[in-house]
Each structure stands twice: as structure tokens, then as C-alpha cells.
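*Asks:* next come a sequence and a model predicted from it.
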Amino acid sequence: MKVTVVGAGAVGASCAEYIAIKDFAAEVVLLDIKEGYAEGKAMDLMQTASLNGFDTKITGVTGDYAKTADSDIAVITSGIPRKPGMTREELIGINAGIVKEVSSKLVEQSPNIIIIVVSNPMDTMTYLVHQTTDLPKNRIIGMGGALDSARFKYRLAEAMEAPISDIDGMVIGGHSDTGMVPLTSHATRNSIKVSEFLSEERLQQVAEDTKVGGATLTKLLGTSAWYAPGAAVSGLVQAIACDQKKMFPCSTLLEGEYDLDDICIGVPVILGRDGIEKIVDIPLSDAEKDKMQESAEGVKKTNGLLQL
Ligand SMILES: NC(=O)c1ccc[n+]([C@@H]2O[C@H](COP(=O)([O-])OP(=O)(O)OC[C@H]3O[C@@H](n4cnc5c(N)ncnc54)[C@H](O)[C@@H]3O)[C@@H](O)[C@H]2O)c1
Ligand SMILES: O=C(O)C[C@H](O)C(=O)O
């Protein structure tokens, strides 16, 4: 299994590190445009191999796509992150050009690749990869919901003073400060609905804290987060590489599912060796359906800014 990670910055390097530590991939190629940067990150990571006990071979390259040839999976993290006070949508002007160029170069070298899009605004960048490449829809995956769900579980555990391993929950919808739809009515602690433990008001607070999870970290760090994003991406890569058939909320092209069409947005999917092997249609309450439609309107508005 060969995995390419484009962008050796905060998220790309974290993602490569988690993939290596989990030790399921033979090879990870890190690619960046900054001269020597990916080579340096790869060497530093390889010097953790004997300490962390992995055999994954990590190499770094500057702009040399030939070295990515025959990759099974690529992760696109290239592009600028937001600064405090910005929305993810404001990144579109710079990141759209980068994602377009990177995705076509990846497919040139690896025509059967599965692409996981991370760069923001992620749902729109995932849609852009569809417009740019001829890859079938199961091979283009946007990562956002896996991260947002991890943050939701963190906030639920905090509110209940419970260990995170007790909690299950999922966030669907667009990966934006206003568009996320935390499924509070489906969330559980050891299969008991969380509404049995938390007041409606506290649950609403958990949902709001989840939605601004990325913005909260950006304010604290001065740039956006990387540990949880890197871990979330590595989970998706592992599910595909190891054919796990695991369910994650991912951004995928909808063609009628959830009453939505011609849009990439977060919904539960099954990930296995073919990428997105199934879109899972789960029953939503009327309120959740309305939130999903509202979220989709926001994503479509951002898609409208793409110069296709
Ligand atoms: N979807 C998510 O859940 C999620 C989570 C975290 C970050 N992000 C997004 O991921 C992106 C990267 O964030 P980061 O914190 O790693 O930023 P970063 O600045 O640390 O790293 C980005 C890297 O991309 C490289 N790059 C720029 N243009 C390139 C090109 N054409 N080809 C190859 N490499 C190129 C830069 O040199 C840099 O090293 C941002 O857009 C951020 O908003 C998304
Ligand atoms: O918040 C951001 O801009 C980065 C990322 O989308 C995140 O949710 O951490």
C-alpha cells in the first residue's frame, strides 16, 4: 500500500506520522512545493521509526509527482490554513487553484487513485476534485465529519464527566462553523441516549461548541489544528487500506440521497478497499432534515464561487 500526502505542513506531517505509527502502509510519500521541506519532515519522521516501532518507509519530495506514481491513496492537505477571525470559506481564492493543480497531477501519475481531500473549504474542494478529474465518485472523499465527530464526542464526554470511550456520536453536514449538524438525538453513552444524562440546554451547548471546534482552536493556536485532523485522516486511510468497512461521516457526491443533488457534503459512508463503498441513509428528525438542507445551501453558495 502506497500513500501520498500532498502538503508537508502541520496536517500533512501529522497525518503521515499517525499512518506510520499505525504501521499498516508500506510507503508514505510526502510532497510539498517548499524546497527541502518534505524531505526534512520525512527524515525527521523516519528518525522516530526505531523509537515508535514502525516499518513504514516515509520519503519526502519537492514537487516531483513522478515519485507519487502508482499510489493507492492520496491525501490533499496543500493550501493555506485560516487565521483567527477568518472562516474556512475565505480560503477558497488561494486553495481552489492549488487543489485543482494537485489533483490533476496526482491522477496523471496514479489513474486509479483514491483521493482524500482535507484542504478547506473542504466540501467545495471535494466538489472541485470531481470537476477536475475523471475519478469515479467512490474514489473522491472529503475529510471533515470524522474530525467533527471526534470533537463532538470530546464535548459530550466533557459535559457528562464520562470517559470518551463510553461515548458514540456523529456529525454530518458541511464542514463549516454554521453548517455542521451534530446528531444529538442519535448520540449515546454505552447505548443509552445522551439526553438521559444531559438537559436539552446543555446538549445544545455541546452542539454549538462542536460546530465552532475548529475556530476555537484557531483562536488559541493562531493557525488551525493538526493533531486531531491528522488522526482523523489516518483513520480514513487505514479503513481503506485494511478494507475495514468502517462507517465515518465523509463528504461525498450526493445524487438524490438525503434529498440532495450535485453537492459534496458530509453523510455517513462505509469505507473499504474501493473507497466509499456505500452511502448510508439514516433516518433524520424533521429538525435535522431542515438543518441538513440549510447546511447544503451554504455549501452550494461556496461552490458557486468556484471558477469552473
Ligand atoms: N478538512 C479538515 O478537517 C481540515 C482540518 C485541518 C486543516 N484543514 C485544512 O488543511 C490545509 C492545510 O493546513 P495546515 O495547517 O497543514 O497548513 P500548513 O500551512 O501547515 O501546510 C500546508 C502546506 O501546503 C504546502 N503547499 C502549498 N501549496 C502547495 C502545492 N501547490 N503543492 C504542494 N504543497 C503545497 C505548503 O508549502 C505547506 O507546507 C488548510 O487548508 C486547512 O484549512 C482541513
Ligand atoms: O478550523 C479550520 O480551519 C481547520 C479545520 O477545518 C478544523 O476543523 O480544524
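*Replies:* The structure has been received and is ready for your questions. Ligands and ions are numbered 1, 2, ... in the order given.
*Asks:* all contacts plus neighbour counts: C-alpha atoms, from now on.
*Replies:* Fine.
*Asks:* list the buried residues in stretch 141-160.
*Replies:* Neighbour-count burial for stretch 141-160, counted by 16 or more other C-alpha atoms under 10 Å, picks out 141-157.
*Asks:* does it reach ligand 2?
*Replies:* No. Taking C-alpha under 6 Å from any ligand atom as the criterion, stretch 141-160 and ligand 2 are apart, separated by no less than 6.9 Å.
*Asks:* give me the mean pLDDT for that stretch.
*Replies:* Averaged across stretch 141-160, pLDDT comes to 98.
*Asks:* try stretch 23-33
*Replies:* The pLDDT scores in stretch 23-33 average 98.
*Asks:* contacts for it?
*Replies:* 1-8, 12-13, 16, 19-20, 38-39, 42, 54-65, 67-68, 78, 238, 241-242 (C-alpha atoms under 8 Å, 6 or more residues apart in numbering).
*Asks:* and that stretch, how far apart are its ends?
*Replies:* 26 Å (C-alpha to C-alpha, to the nearest Å).
*Asks:* same thing with stretch 141-148?
*Replies:* 15 Å.
*Asks:* near ligand 1, anything from that stretch?
*Replies:* Yes. Stretch 141-148 reaches ligand 1 (C-alpha under 6 Å from any ligand atom) through 143-144, 147.
*Asks:* so which residues of the stretch 201-308 of the chain form strands?
*Replies:* 246-255, 261-272, 275-279 (DSSP state E, counting those that start in this stretch).
*Asks:* mind checking which of those is nearest residue 72?
*Replies:* strand 275-279 (10.3 Å; C-alpha to C-alpha).
*Asks:* and the closest one, what does it pack onto?
*Replies:* Where contact means 3 or more C-alpha pairs under 8 Å, 6 or more residues apart in numbering; DSSP states H and E, strand 275-279 is packed against strand 140-142, strand 261-272.
*Asks:* what's the first one packed up against?
*Replies:* The criterion is 3+ C-alpha pairs under 8 Å, 6+ apart, and the helices and strands that strand 140-142 contacts are strand 114-117, helix 122-132, strand 246-255, strand 275-279.
*Asks:* need the contact partners of it.
*Replies:* The contact list for strand 140-142 (C-alpha under 8 Å, 6+ apart) reads 114-118, 122-123, 126, 129-130, 250-252, 264, 266, 275-276.
*Asks:* and the residue of the stretch 101-250 of the chain closest to ligand 2?
*Replies:* Here the stretch 101-250 of the chain gets closest to ligand 2 at one residue, residue 214, 3.3 Å apart by C-alpha to the nearest ligand atom.
*Asks:* now that residue: how far from residue 84?
*Replies:* Residue 214 is 10 Å from residue 84, where distance means C-alpha to C-alpha.
*Asks:* does residue 46 touch residue 58 like I think?
*Replies:* Yes. Under the criterion of C-alpha atoms under 8 Å, residue 46 makes contact with residue 58 at 6.3 Å.
*Asks:* who has more neighbours, those two?
*Replies:* residue 58 (25 against 20; other C-alpha atoms under 10 Å).
*Asks:* for the residue lying closest to the more buried one once chain neighbours are set aside, pull up the helix or strand it's in.
*Replies:* Once flanking residues are discounted, residue 58 sits nearest to residue 28: 4.7 Å by C-alpha to C-alpha, 6 or more residues apart in numbering. Taking DSSP states H and E as the definition, residue 28 sits inside strand 27-32.
*Asks:* downstream of that strand, the next helix or strand is which one?
*Replies:* Criterion used, DSSP H and E; the element after strand 27-32 is helix 37-46.
*Asks:* buried set for whichever helix or strand comes after that following helix?
*Replies:* As assigned by DSSP H and E, the chain's next helix or strand after helix 37-46 is helix 49-52. Under the neighbour-count criterion of 16+ other C-alpha under 10 Å, helix 49-52 has residue 49 buried.
*Asks:* about what we covered before: per-residue pLDDT, the residue of the stretch 101-250 of the chain closest to ligand 2?
*Replies:* pLDDT at residue 214 comes out at 98.
*Asks:* first vs last residue of stretch 242-260, how far apart are they?
*Replies:* Where stretch 242-260 begins and where it ends lie 30 Å apart, using C-alpha to C-alpha.
*Asks:* compare the helices and strands packed on strand 140-142 and report which one is nearest to ligand 1.
*Replies:* Across these, closest to ligand 1 is helix 122-132 (C-alpha to the nearest ligand atom), at 5.2 Å.
*Asks:* quick one: that closest one near ligand 1?
*Replies:* Yes. If you take C-alpha under 6 Å from any ligand atom as the test, helix 122-132 does meet ligand 1, through residue 122.
*Asks:* residue 292 reaches residue 183, doesn't it?
*Replies:* No. If you go by C-alpha under 8 Å, residue 292 and residue 183 don't touch, sitting 10.7 Å apart.
*Asks:* these two: which is more packed in?
*Replies:* residue 292 (25 against 18).
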